[in-house]
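Trainee: could you look at this predicted model? Sequence included:
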Amino acid sequence: MRIIIAGAGRVGTHLAKLLARERHDITVIDESTEKLSGLGDHYDLLPKIGSPISITDLRNVDIEHADLFVGVTPNGSVNLMSCMLAKKMGARKTVARVDTYEYIKENNQELFQSIGIDSLIMPEMIAAEEISSSVPRSWIRQYWDIEGSDLILLGIKVRGNSTILNQPLRILCGADAPYHIVAVKRGEETLIPHGNDIVQAYDLVYFMTTRKYLGLIRQLTGKEDYPEVRHVTIMGGGLTSQFTARMLPESINVKIIEKDEKRCMELADKLPEKRFRIIHGDGRDVALLRDENVQDSQAFVALTPNSETNILSCLTAKRMKVRKTVAMLDNVSFVSMAQSLDIGTLINKQSIAAAYIYRMLLKADVTNVKSLMVANADVAEFQVQEKSKITKHLVRDLKLPEGTNLGGLVRNGQSMLINGNTQIEPGDRVVAFCIGNDLYKLSSFF
């Protein structure tokens, strides 16, 4: 597939690296020589200096033969214009990153499609959805509802008091078990577990289960003493913070600490409800945090543009006995360090946006892809088609890629877990956990 990416910033670079491993024909165009420097040395792609809104430069990257054009420069207007030009000049499909909420409203999608833009993404909105789903449960690192079903994916760090430690998974997760352990992150490695594998203390364990058994999972992982979240403190008042505050349940009170006075005034206008409180100050100031009783919050969410600031402020919150911490990392190189410091949920807008775009290139009908940055893995939701390879045999006989695990499916509105004896049928929605580049390999089965 021929893919042209406009913008060699964090989103564009992350997406290019993700796609390069699939051996697509990739060109990255950017006006900055510095941003493009070294990109082609380490990955199989072509860096090209040029402007994505220059007709001449678009012709120079062979835009008329592009299967996909992606506009992910920092400027939303440039992305929209470049996609319009690309489509008119022959690109089959276009995706634009935008920074205006009004544009991504569903009732405006037809308008943008009529002018040549097939899909819009807003990383801040996608990141806020992920944060707001995990924050209300202080004992869960990651939480994903499979839309229209009872299936849920949980990422939980198990401690020494968990009752599932040191037992073979063939015993813990038998055919009749109400949950499956689909992956385990241990140290720097993510494992697709087998029957003789065990869970060890401090593993990050990914469970597939249904809402009915949420309490059971909490009990098994030794998390019953974790409090329900009623008060959340957010540091930073940018777009991601605003969306997160809005998406959190109405039962949760939210404090937003923002050091820019003008932005505080804007936030007060945008979030006038009683459950929101805007505080002018520096979230790194320990005295301020104490004065604002941050220790009474059950969750602390650091969403400033600076990764180091977010990590340090989460560590401060942890010292003040806040049980749930969330840090936005603008730079993925900080992930390992943040993990080693036991910061709970880690968010990277760039990897989230790249995963969203990546699903458009898969061979199957993929309705959703969730990028699990900490585990270097993806969770995908596939719609099973007639005569798909996945329907030809029982799961145990399918010879699926080694780095994949099928967690659950939805059939005629009914949710069920998948095991080796499951026969997948056309029309099923299947949720799969995939490490590295095995998501692309798995898509050929659907």
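Mentor: Arrived safely.
Trainee: quick check: buried residues in stretch 237-257?
Mentor: 237-245, 248, 252-257 (16 or more other Cβ atoms under 10 Å). (C-beta placed from N, C-alpha, C; glycine too.)
Trainee: what do you get for stretch 23-33?
Mentor: H24, D25, I26, T27, V28, I29, D30, E31.
Trainee: show me where the stretch 251-400 of the chain has its helices.
Mentor: Per DSSP state H, counting those that start in this stretch, the stretch 251-400 of the chain carries helices over the ranges 261-270, 286-291, 307-319, 335-340, 349-358.
Trainee: the longest one packs against which elements?
Mentor: Using 3 or more Cβ pairs under 8 Å, 6 or more residues apart in numbering; DSSP states H and E as the contact definition, the elements that helix 307-319 packs against are strand 231-235, helix 286-291, strand 299-302, strand 324-328, helix 335-340.
Trainee: mind redoing it with 7 Å?
Mentor: Contacts defined by 3 or more Cβ pairs under 7 Å, 6 or more residues apart in numbering; DSSP states H and E place helix 307-319 against strand 299-302, strand 324-328.
Trainee: so which residues make contact with the last one?
Mentor: When you say that, I think you mean strand 324-328. Strand 324-328 has contacts (Cβ atoms under 7 Å, 6 or more residues apart in numbering) with 131, 135, 138, 229, 240, 298-303, 310-311, 314, 317-318, 338, 343-347.
Trainee: so which strand or helix has the residue nearest to Y358 when sequence neighbours are not counted?
Mentor: Spatially, and ignoring its direct neighbours in sequence, Y358 is nearest to L18 (5.7 Å; Cβ to Cβ, 6 or more residues apart in numbering). Using DSSP states H and E, L18 maps to helix 10-20.
Trainee: what about the next helix or strand after that helix, average pLDDT?
Mentor: Beyond helix 10-20 on the C-terminal side, the first helix or strand identified by DSSP H and E is strand 25-30. If you average the pLDDT over strand 25-30, you get 94.
Trainee: what lines up beside strand 25-30 in the sheet?
Mentor: Sheet pairing of strand 25-30 (DSSP bridges) gives strand 2-6 (parallel), strand 46-49 (parallel).
Trainee: distance between it and the chain's centre?
Mentor: For strand 25-30, the gap between its own C-alpha mean and the chain's C-alpha mean amounts to 24 Å (Cα atoms, centre = their mean, to the nearest Å).
Trainee: what's the average pLDDT for the helix or strand just after it?
Mentor: Once the chain leaves strand 25-30, the next helix or strand it forms, by DSSP H and E, is helix 33-36. Rounded to a whole number, the mean pLDDT of helix 33-36 is 90.
Trainee: what's the straight distance from one end of stretch 327-347 to the other?
Mentor: Terminal residues of stretch 327-347 are spaced 6 Å apart (Cα to Cα, to the nearest Å).
Trainee: quick one on the thing from earlier: closest one to T221 among the strands paired with strand 25-30?
Mentor: Ranking the strands paired with strand 25-30 by their distance to T221 (criterion: Cβ to Cβ) puts strand 2-6 first, at 40.3 Å.
Trainee: state the mean pLDDT of that closest one.
Mentor: Here the mean pLDDT over strand 2-6 is 95, rounded to a whole number.
Trainee: got the contact list for that strand?
Mentor: Strand 2-6 is contacted from outside by 12, 15-16, 19, 24-29, 52, 61, 63, 65-73, 82, using Cβ under 7 Å, 6+ apart.
Trainee: drop anything exposed from those.
Mentor: When neighbours are counted using 16+ other Cβ under 10 Å, these contain these buried positions: 12, 15-16, 19, 24-29, 52, 61, 63, 66, 68-73, 82.
Trainee: re earlier: what's the most buried one of the strands paired with strand 25-30?
Mentor: For these, the stretch with the most neighbours on average is strand 2-6, a mean of 25; neighbours defined as mean count of other Cβ atoms under 10 Å.
Trainee: can I assume R396 is in contact with G420?
Mentor: Yes: with contacts counted by Cβ atoms under 7 Å, R396 reaches G420, the gap being 3.4 Å.
Trainee: assess the claim that E129 and R246 are in contact.
Mentor: No: proximity of E129 to R246 does not meet the contact threshold set by Cβ under 7 Å, at 10.8 Å.
Trainee: what about A287, distance to D260?
Mentor: Remark: distance between A287 and D260 (Cβ to Cβ, to the nearest Å) = 19 Å.
Trainee: same deal with H180?
Mentor: In this structure, H180 and D260 are 46 Å apart, going by Cβ to Cβ.
Trainee: ok, the two, which is more surrounded?
Mentor: Here H180 and D260 are compared on neighbour count by other Cβ atoms under 10 Å; more neighbours surround H180, at 22 against 13.
Trainee: residues contacting the nearest residue to D99 once chain neighbours are set aside?
Mentor: Closest residue to D99 in three dimensions, ignoring its sequence neighbours and counting by Cβ to Cβ, 6+ apart: G76, at 4.2 Å. Residues touching G76, when contacts are defined by Cβ under 7 Å, 6+ apart, comprise R97, V98, D99, T100.
Trainee: repeat the analysis, applying 10 Å as the threshold.
Mentor: When the contact criterion is Cβ atoms under 10 Å, 6 or more residues apart in numbering, the partners of G76 are A96, R97, V98, D99, T100, Y103, L120, M122.
Trainee: now do G420
Mentor: Here G420 is in contact with A175, G195, L394, V395, R396, D397, L398, L406 (criterion: Cβ under 10 Å, 6+ apart).
Trainee: quick one: the first one and M416 touch, right?
Mentor: Think A175. No: counting by Cβ atoms under 10 Å, M416 is not a contact partner of A175; they are 11.6 Å apart.
Trainee: identify the contacts common to those two.
Mentor: Residues touching both A175 and M416 (Cβ under 10 Å, 6+ apart): T422.
Trainee: lowest mean pLDDT among the helices and strands, pick that one out for the chain.
Mentor: Counting by mean pLDDT, DSSP states H and E, the chain has its least confident helix or strand at strand 365-372, which shows a mean of 72.
Trainee: isn't I55 right next to I63, touching?
Mentor: Yes: I55 sits in contact with I63 when judged by Cβ under 10 Å, with a separation of 9.0 Å.
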